[in-house]
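> compute the structure for the input listed below.
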Amino acid sequence: MSSSICKAASEIVIRGQSASPGIAFGTVVRPEDARLQFNFSHIAADEVPAELKRLYKGLAKARRQLNILKERMAKELGQEHAYILDAQILMLQDSSLFESVERIISEKLVNAEWAIKLAIEPFLAAYASISDGYLRERGSDIEDVANRLMRVIAGKRRSRSALKSNSILVSDDLPPSIFAELKLSQLAGIATSSGGWASHTSIIARGLRIPCVVGLGSITELCSGQSAIIDGSEGLIVVNPTEATIDHFRELSQQRKRSFHALLAQSKYPAITADGKEIKLRANIELPSEVSSVTRFGAQGIGLFRSEYLYLNMLPQARSEEGQYEIYSRLVDVCGKQPVTIRTFDLGPVAFDAEPEPNPALGLRGIRLLLRYKDLLNTQLRAILRVSSKGNIRVLLPMVSQVDEVLTVRKTISELSAKLQASGTDCSKHIPLGIMVEVPATVIILDRLLPYVDFVNIGTNDLVQYLLAVDRDNQSVSSLYLPLHLSVLRAIKHIVDTVRSANKAVEVCGEMACSPVGSAALLAVGVETLSVTPSAIPVLKDAIRHLHLAKLKELLDEIKNIDDPLQAERCFVTALQSHSPGFLDAFKLVEPQRR
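Residues are numbered from 1 along each chain as shown. Model (predicted):
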């Protein structure tokens, strides 16, 4: 794309990554760039006290600004989104960071803005090197708060972006502090050149149901005033659309909304296959703000609560037992008798400001890290135990690879439960304990683990990655990430059969369960409980009702002798379309209404 796109009159389609579904029509608006250039200035030794005073005066003002923005964000977006600014407020209270800035000013004799830039560079580099997409996106928080502080110190004011009705905001990124300054009633859609599914922009857009596409590359070459259409479901933006294109997308939007409302009305009923087998669908959620979607979309409880997102977003509640107790209580209150599965913090050492590991996927993470930081684990388990008397709460351990890991946690739960009961705190005598099966070692020794667990959850994202030795975020090899690879299907079938033979429950979470072909393959190997993104549940329930499970198993058997996984997938899709056409048709895109 060249800069001439700004003057182009013809229709242009730019593709990126879907971040929030929906279709938006409007006019491009380019906000002021938050990342201004700040110049280096040398100062004399006797100017250091004045420069430090300048730093801390700016720091106090930046804190006031963020607290005001947080209040405004809570009022306009809801308290469930205002938490995002807590991370930035806490950064401005980080004494170690500002000791570093002070030291740079005093030793290198540079201006405060330049000292801040130098101080955050190692942090930005560390986050940029992280393979986990969500953690990597948290580097933008550091950059955003640093830019705000440098702007305040330099005396540069940022004008509030003037949005008109049906504005499509086009930006390199949209930091949460800028989001808080927008007049959201005028915002039709968002398009950014960077960011991913886990960015704050994406999270807020999904929460507010604003169509959003990210990762659009040089989209910032667009000019304010150009007409555009965003399709957040397909991950594209159409610039200078023709009348025919506008008519097409208007009709498509109406079709999707009609489909979504019809599916939503049916989502409260169970998903029963055409030959009478009930498939349970639970919700994967990451933040307390998403809990309302569990009942809204007809989930049968929470199959995976990724509790580490509380910690990674620096929510104050995540660090305390009482705060976690309140959050888990809210989940249980909403789900009633349905299960609430809390995965213990699945963190890596970067969350504790440690040096990034050379290969974090094979490093200190999951249960390995929690057994190293026992206080963190004990605090979380005490909060869960205290909630256990209120409802059906379960504990799920990530990254398990040894029997001893499970035995240690089970012993810890027993000891903590005894102490709580002795102190007069009511808690359940038995909390179901499960493990994530996501590394090959766990698949192989599963029979030795099963006597000590109550249920098993197959984490397909990591399991496929580890089985095939493929980093799905590495573009050079991502095409080799093949969930229908024979080794993957055999491994999952082995897990299901082994767990069933021990009369234990087996469930699946991960992207494979959300996709048409992946979910069909999982059902074909005997999985009967899927845990997916809440908004996918109405569609998946409708699709499952078109399936003949017995026939589906026959179709999968037919492709097991095909060595090429891509060919096997094509054959499976063709056979599925032939025998259960309604299943794939049900996955045609639907569009939720904006809040």
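> switch to C-alpha atoms for all contacts and neighbour counts from now on
Noted.
> was I right about residue 286 contacting residue 306?
Yes: Residue 286 is within contact range of residue 306, at 4.9 Å (criterion: C-alpha atoms under 8 Å).
> can you pull out the low-pLDDT segments for the stretch 251-400 of the chain?
Within the stretch 251-400 of the chain, the ranges that satisfy pLDDT under 70 run 312-318, 350-356.
> can you show me the helices along it?
Using DSSP state H, counting those that start in this stretch, the helices of the stretch 251-400 of the chain run over 292-296, 308-312, 321-335, 367-372, 374-387.
> then the stretch 451-595 of the chain?
460-468, 486-501, 516-524, 537-544, 549-559, 565-579, 581-585.
> mind giving me the packing neighbours of the shortest one?
Where contact means 3 or more C-alpha pairs under 8 Å, 6 or more residues apart in numbering; DSSP states H and E, helix 581-585 is packed against helix 537-544, helix 565-579.
> how about the longest one: buried residues?
Going back to what we said before, that points to helix 565-579. Across helix 565-579, burial judged by 16 or more other C-alpha atoms under 10 Å covers 565, 568, 569, 571, 572, 573, 575, 576, 579.
> want to throw those into JSON lines with distance to residue 211 and pLDDT?
Compiled in JSON lines, those are given as follows (distance: C-alpha to C-alpha, whole Å; pLDDT from 0 to 100):
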{"residue": "565", "distance to residue 211": "34", "pLDDT": "88"}
{"residue": "568", "distance to residue 211": "35", "pLDDT": "89"}
{"residue": "569", "distance to residue 211": "31", "pLDDT": "88"}
{"residue": "571", "distance to residue 211": "34", "pLDDT": "90"}
{"residue": "572", "distance to residue 211": "32", "pLDDT": "89"}
{"residue": "573", "distance to residue 211": "29", "pLDDT": "86"}
{"residue": "575", "distance to residue 211": "34", "pLDDT": "87"}
{"residue": "576", "distance to residue 211": "31", "pLDDT": "86"}
{"residue": "579", "distance to residue 211": "35", "pLDDT": "79"}
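> would a markdown table of these with distance to residue 325 be doable?
Formatted as a markdown table, those follow (distance: C-alpha to C-alpha, whole Å):
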| residue | distance to residue 325 |
| --- | --- |
| 565 | 45 |
| 568 | 47 |
| 569 | 45 |
| 571 | 49 |
| 572 | 46 |
| 573 | 45 |
| 575 | 49 |
| 576 | 45 |
| 579 | 48 |
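> state the pair within those that is farthest apart.
The span of the buried residues of helix 565-579, defined through C-alpha to C-alpha, is set by 565 and 579 at 20.7 Å.
> nearest to residue 96, of the buried residues of helix 565-579?
Distances from residue 96 to the buried residues of helix 565-579, taken by C-alpha to C-alpha, are shortest for residue 565, at 51.1 Å.
> ok so, going back, mind putting the helices and strands packed on helix 581-585 into TSV with distance to residue 53?
Putting those into TSV (distance: least, C-alpha to C-alpha, whole Å) gives the following:
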stretch	distance to residue 53
helix 537-544	55
helix 565-579	63
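> quick one: which of these is nearest residue 357?
Nearest to residue 357, of those and by C-alpha to C-alpha, is helix 565-579 at 32.7 Å.
> what about that closest one, distance to the chain center?
The chain centroid and the centroid of helix 565-579 are separated by 30 Å under C-alpha atoms, centre = their mean, to the nearest Å.
> packing partners for it?
helix 516-524, helix 549-559, helix 581-585.
> span of stretch 10-28 from start to end?
16 Å (C-alpha to C-alpha, to the nearest Å).
> can you pull the buried residues of it?
Buried residues in stretch 10-28, counted by 16+ other C-alpha under 10 Å: 15-28.
> for stretch 217-235, same thing?
217-224, 226-235.
> inside strands: which ones of those?
Applying DSSP state E to the buried residues of stretch 217-235, the entries found in strands are 227, 228, 229, 230, 231.
> from what I can see the first one touches residue 240, true?
Yes: with contact taken as C-alpha under 8 Å, residue 227 and residue 240 are classed as touching, separated by 5.2 Å.
> in TSV: the helices of the stretch 251-400 of the chain, plus mean neighbour count and distance to residue 494.
Listed next are these as TSV, based on neighbours: other C-alpha atoms under 10 Å; distance: least, C-alpha to C-alpha, whole Å:
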stretch	mean neighbour count	distance to residue 494
helix 292-296	17	30
helix 308-312	19	29
helix 321-335	19	31
helix 367-372	19	23
helix 374-387	20	31
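> quick one: closest of those to residue 153.
Nearest of the helices of the stretch 251-400 of the chain (C-alpha to C-alpha): helix 308-312, 27.9 Å.
> one step back: and the helices and strands packed on helix 565-579, which one's lowest on average pLDDT?
The minimum mean pLDDT among these belongs to helix 581-585 (a mean of 74).
> pull the CA atoms of that helix into CSV?
Provided in CSV are the C-alpha atoms of helix 581-585 (Å, rounded to 0.1, in the frame of the first residue of the first chain):
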residue,chain,number,x,y,z
PRO,A,581,-24.6,-30.3,5.4
GLY,A,582,-26.4,-28.4,8.2
PHE,A,583,-23.4,-28.7,10.4
LEU,A,584,-21.0,-26.5,8.3
ASP,A,585,-23.8,-24.2,7.2
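> so which bits of that helix are buried?
Result for helix 581-585 [16+ other C-alpha under 10 Å]: buried residues 581, 582, 583, 584.
> closest one of those to residue 39?
Nearest to residue 39 among these: residue 584, at 56.4 Å, using C-alpha to C-alpha.
> go ahead and confirm the closest one touches residue 575.
No: at 11.1 Å, residue 584 and residue 575 do not qualify as touching, with contact defined as C-alpha under 8 Å.
> select from the buried residues of stretch 10-28 every entry located in strands.
Of the buried residues of stretch 10-28, the ones assigned to strands by DSSP E are 15, 17, 18, 19, 20, 23, 24, 25, 26, 27, 28.
> so who does the third one touch?
Residues in contact with residue 18, defined by C-alpha atoms under 8 Å, 6 or more residues apart in numbering, are 197, 212, 213, 214, 232, 233, 234, 235, 236.
> how near is the fifth one to residue 584?
Spelled out, it's residue 232. For residue 232 relative to residue 584 (C-alpha to C-alpha), the value is 21 Å.
> follow-up on the earlier one: out of the helices of the stretch 251-400 of the chain, nearest to residue 500?
Nearest of the helices of the stretch 251-400 of the chain to residue 500, taken as C-alpha to C-alpha: helix 367-372 at 24.6 Å.
> about what we covered before: is it possible to export the contacts of residue 18 to TSV including pLDDT?
Output for the contacts of residue 18, formatted as TSV (pLDDT from 0 to 100):
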residue	pLDDT
197	69
212	92
213	93
214	90
232	90
233	84
234	86
235	89
236	93
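> from those, which is closest to residue 412?
For the contacts of residue 18, the minimum distance to residue 412 (C-alpha to C-alpha) is 35.6 Å, reached by residue 197.
> report all helices and strands that the helix or strand where residue 169 lies contacts.
Using DSSP states H and E, residue 169 maps to strand 167-171. If you count contacts as 3+ C-alpha pairs under 8 Å, 6+ apart, strand 167-171 packs onto strand 23-29, strand 187-192.
> try it again at 10 Å.
Secondary-structure packing of strand 167-171 (3 or more C-alpha pairs under 10 Å, 6 or more residues apart in numbering; DSSP states H and E): strand 23-29, strand 187-192, strand 212-214, strand 227-231.
> what about it, average pLDDT?
Here strand 167-171 scores 91 as its mean pLDDT.
> and it, how far from the chain's centre?
23 Å.
> give the pairing partners of it; include direction for each.
Take DSSP bridges as the rule and strand 167-171 pairs in its sheet with strand 23-29 (parallel), strand 187-192 (parallel).
> need the ones you listed in CSV (columns: distance to residue 253 and mean pLDDT).
Shown next, in CSV, are the strands paired with strand 167-171 (distance: least, C-alpha to C-alpha, whole Å; pLDDT from 0 to 100):
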stretch, distance to residue 253, mean pLDDT
strand 23-29, 6, 93
strand 187-192, 14, 92
